[in-house]
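In: would you be able to build a 3D model of this:
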Amino acid sequence: VTILAGVGLSALLAPAIGTAASAVGDVVKWATVLQPFWMGMLVSVLVGIALTLPISSAAICSVLGLTGLAGGAAVAGCCANMVGFAVLSFRENRWGGLVSQGLGTSMLQMGNIVRNPRIWIPPTLASMITGPIATMVFHLENIPAGSGMGTCGLVGPIGIYTAMGGGTSMWLGILFVCFLLPAVLTFIFGEALRKMGWIKDGDLKLDL
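Out: Numbering: from 1, shown residues only. Sure thing, here's the model as predicted:
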């Protein structure tokens with residue numbers, strides 16, 4: 001029963017999910033040819049969204065071969081969502097949520113996003129800022145395998161090191177783009193939305 005149900009649901013849902021993933025990939029591919037500022041912003045936002053959705057951002061980046069500055073923008077968006085949601089939901093999920101989202105995946109928040117899509121605004125706004133910073137300030141680069149991974153197992157920062165090989169700018173870029181800025185910016189935007197009543201206590205609670 002389990003096997004037949006799984007096969008049936010896959011046959012029913014896989015085409016739509018595959019089409020959606022391909023569409024996201026096409027938009028990301030289009031965004032990579034833009035100027036560094038707009039490319040950094042759009043790629044960061046799109047790949048960050050793909051990371052949190054129930055599709056594979058890592059697969060999209062690998063298939064598209066996102067390297068160089070586009071890879072740096074992609075990892076910025078992923079980190080903004082992972083670290084952002086980890087910090088944004090700290091009052092609800094404490095240290096378990098910080099680790100599971102910050103080093104695991106922001107996809108854990110998908111159920112809460114469906115219930116209140118506004119919780120996605122702070123990390124998305126953060127990714128709009130960190131993407132251009134990654135491409136224009138620190139000139140971060142990445143490899144396809146690390147571009148769509150963010151801070152998951154620290155694969156994203158390791159990919160940056162693999163692509164760039166070290167240097168002060170690289171280490172500062174990893175520190176600010178992958179960790180500090182996503183945390184600070186998402187916290188600030190989140191507090192503003194909480195004061196507006198768009199995010200309420202318990203909206204980001206996970207069953208840990």
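In: what about the host helix or strand of residue 47, distance to the chain center?
Out: In this structure, residue 47 sits in helix 36-52 according to DSSP states H and E. Averaging C-alpha coordinates over helix 36-52 and over its chain gives two centres that are 8 Å apart (CA atoms, centre = their mean, to the nearest Å).
In: now stretch 55-70
Out: The answer for stretch 55-70 is 12 Å, by CA atoms, centre = their mean.
In: in that stretch, which residues are buried?
Out: Across stretch 55-70, burial judged by 16 or more other CB atoms under 10 Å covers 55, 57-58, 60-64, 66-70. In this view, the C-beta of every residue, glycine as well, is placed from N, C-alpha and C.
In: any chance of these in JSON lines, with distance to residue 39, pLDDT and secondary structure too?
Out: What follows is those, written out as JSON lines (distance: CB to CB, whole Å; pLDDT from 0 to 100; DSSP: H, G, I helix; E, B strand; the rest coil):
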{"residue": "55", "distance to residue 39": "21", "pLDDT": "79", "secondary structure": "coil"}
{"residue": "57", "distance to residue 39": "17", "pLDDT": "85", "secondary structure": "helix"}
{"residue": "58", "distance to residue 39": "20", "pLDDT": "85", "secondary structure": "helix"}
{"residue": "60", "distance to residue 39": "16", "pLDDT": "82", "secondary structure": "helix"}
{"residue": "61", "distance to residue 39": "14", "pLDDT": "84", "secondary structure": "helix"}
{"residue": "62", "distance to residue 39": "19", "pLDDT": "82", "secondary structure": "helix"}
{"residue": "63", "distance to residue 39": "18", "pLDDT": "78", "secondary structure": "helix"}
{"residue": "64", "distance to residue 39": "13", "pLDDT": "79", "secondary structure": "helix"}
{"residue": "66", "distance to residue 39": "11", "pLDDT": "82", "secondary structure": "coil"}
{"residue": "67", "distance to residue 39": "13", "pLDDT": "84", "secondary structure": "coil"}
{"residue": "68", "distance to residue 39": "10", "pLDDT": "86", "secondary structure": "helix"}
{"residue": "69", "distance to residue 39": "7", "pLDDT": "88", "secondary structure": "helix"}
{"residue": "70", "distance to residue 39": "7", "pLDDT": "87", "secondary structure": "helix"}
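In: in JSON lines: the residues you listed, plus distance to residue 144.
Out: Converted to JSON lines, these look like this (distance: CB to CB, whole Å):
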{"residue": "55", "distance to residue 144": "16"}
{"residue": "57", "distance to residue 144": "11"}
{"residue": "58", "distance to residue 144": "9"}
{"residue": "60", "distance to residue 144": "10"}
{"residue": "61", "distance to residue 144": "5"}
{"residue": "62", "distance to residue 144": "5"}
{"residue": "63", "distance to residue 144": "8"}
{"residue": "64", "distance to residue 144": "8"}
{"residue": "66", "distance to residue 144": "6"}
{"residue": "67", "distance to residue 144": "6"}
{"residue": "68", "distance to residue 144": "10"}
{"residue": "69", "distance to residue 144": "13"}
{"residue": "70", "distance to residue 144": "10"}
